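Novice: have a look at this fold, sequence not included:
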């Protein structure tokens with residue numbers, strides 16, 4: 001009976017969204033209460049954090065639990081065998097994130113567990129890219145080459161979402177947009193399995209963002225950010241592979257790698273940029289700082305809400321452009337996308353330089369004004385002193 005009702009894909013998508021949403025929306029108040037009771041906080045870091053009070057980092061637990069329950073429930077009803085390895089990977093990565101949120105984890109442990117998760121997904125779950133699709137004039141990849149590249153890509157996107165989680169609502173908003181796009185794309189391709197995975201994440205994040213929007217009552221922490229990055233990485237790989245050009249027919253979406261890059265461009269570009277800047281400054285690429293794009297927008301005076309809305313708007317614009325002009329091909333589209341991001345970054349740098357110069361000029365002007373008034377006061381005192389002598 002239930003299987004007959006869920007035979008309609010649309011009902012299936014709405015149902016999985018609502019289950020994930022409901023679990024998160026009703027469980028987070030309990031998580032916040034427990035954090036207050038047992039003092040499980042993200043203690044304010046003067047170097048990198050901007051919030052002025054203690055806030056729990058355990059918001060990733062409801063995200064992970066709701067996603068897992070939703071996918072497992074519908075895997076029994078709709079034969080979701082492909083999701084099993086993804087769930088296993090999410091469990092391992094969420095355990096790592098929870099340990100990091102509670103007590104901290106060294107870089108070596110993080111890398112080993114992320115590598116383990118990526119290996120499980122690539123070699124057992126078959127989340128593997130088999131071609132570069134003409135990007136950099138590279139076509140088909142052999143099994144080892146495709147597997148290694150896929151492992152690197154999964155680890156990169158894991159950490160990329162973690163890096164953009166620096167402003168209230170930003171990582172959750174980008175996660176909603178990314179998973180929603182993949183959900184609609186898979187739904188239009190009649191790939192119900194992966195559409196349901198995407199919509200389960202959408203439901204979890206929509207429920208979470210109610211409490212994470214500025215001013216945030218809870219943060220997703222590494223548990224949430226790593227889970228989002230992992231799911232989006234696997235969805236991107238499957239979207240690209242399912243739209244591969246084959247002799248038997250044309251793909252549903254041309255230039256699928258470029259579309260995937262457009263959907264995930266915010267974490268991709270921000271991470272590449274930050275790593276490059278740190279290396280050029282002879283610093284560790286894994287050492288945190290306040291040089292991310294969202295930090296730069298904050299320094300220009302944008303509030304958290306405006307910053308998030310601007311980032312999402314730019315992301316949507318790039319996605320729309322890429323989908324509309326997908327006939328241009330992967331290489332051309334990726335070059336255009338990255339060029340747009342570089343130009344935007346250069347504009348931010350110029351605006352920050354202008355603002356810094358104006359601030360310096362104001363300080364110099366204030367100092368000169370202070371010196372001028374001090375000289376006038378001294379001159380006045382000398383006049384009074386001379387008059388007193390006479």
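Specialist: Noted; the coordinates are in hand. Note that this is a predicted model, so its numbers are computed, not measured.

Novice: other residues contacting stretch 286-305?
Specialist: 47-48, 50, 107, 163-164, 166-170, 213-214, 266, 269-270, 273-274, 277-278, 283, 307, 310-311, 345, 348-349, 351-352, 355 (C-beta atoms under 8 Å, 6 or more residues apart in numbering). Where C-beta positions appear, they are placed from N, C-alpha and C, glycine not excepted.

Novice: narrow those to just the buried residues.
Specialist: Using 16 or more other C-beta atoms under 10 Å as the burial test, these include 163-164, 166-170, 213, 266, 269-270, 273-274, 278, 307, 311 as buried.

Novice: and the furthest pair within these?
Specialist: Based on C-beta to C-beta, the longest span within the buried ones among the contacts of stretch 286-305 runs between 213 and 278 and measures 29.8 Å.

Novice: state the pLDDT value of residue 264.
Specialist: Residue 264 carries a pLDDT score of 97 in this model.

Novice: so where do the strands sit in the chain?
Specialist: Counting by DSSP state E, the chain yields no residue ranges for strands.

Novice: report the central residue of it.
Specialist: Geometric centre of the chain, nearest residue: residue 161, 3.2 Å, by C-alpha atoms, centre = their mean.

Novice: my guess is that residue contacts residue 270, does it?
Specialist: No. Taking contacts as C-beta atoms under 8 Å, residue 161 lies outside contact range of residue 270: 10.0 Å.

Novice: okay, helices next: where are they in this protein?
Specialist: Listed from the start of the chain, the chain has helices (DSSP state H) covering 2-5, 9-38, 60-78, 84-102, 107-119, 143-163, 170-188, 192-212, 221-242, 256-263, 265-280, 293-299, 304-324, 330-389.

Novice: for those, which one sits closest to residue 135?
Specialist: Nearest of those (C-beta to C-beta): helix 330-389, 5.1 Å.

Novice: outside of stretch 148-160 itself, list whatever touches it.
Specialist: With C-beta under 8 Å, 6+ apart as the test, stretch 148-160 has contacts from 93, 111, 114-115, 117-119, 121-122, 127-129, 141, 226, 229-230, 232-234, 236-237, 264, 267-268, 270-271.

Novice: got the buried residues for that stretch?
Specialist: 149-151, 153-160.

Novice: which of those residues lies closest to residue 33?
Specialist: Among those, and counting by C-beta to C-beta, the member closest to residue 33 is residue 158, at 29.7 Å.

Novice: for the nearest residue to that closest one once chain neighbours are set aside, give its distance to residue 321.
Specialist: Among residues not flanking residue 158 along the chain, residue 229 sits closest, at 4.1 Å (C-beta to C-beta, 6 or more residues apart in numbering). For residue 229, the distance to residue 321 (C-beta to C-beta, to the nearest Å) stands at 24 Å.

Novice: with neighbour numbers in mind, choose between these two.
Specialist: It is residue 229, of residue 229 and residue 321, that has more neighbours when counted by other C-beta atoms under 10 Å, with 29 against 16.
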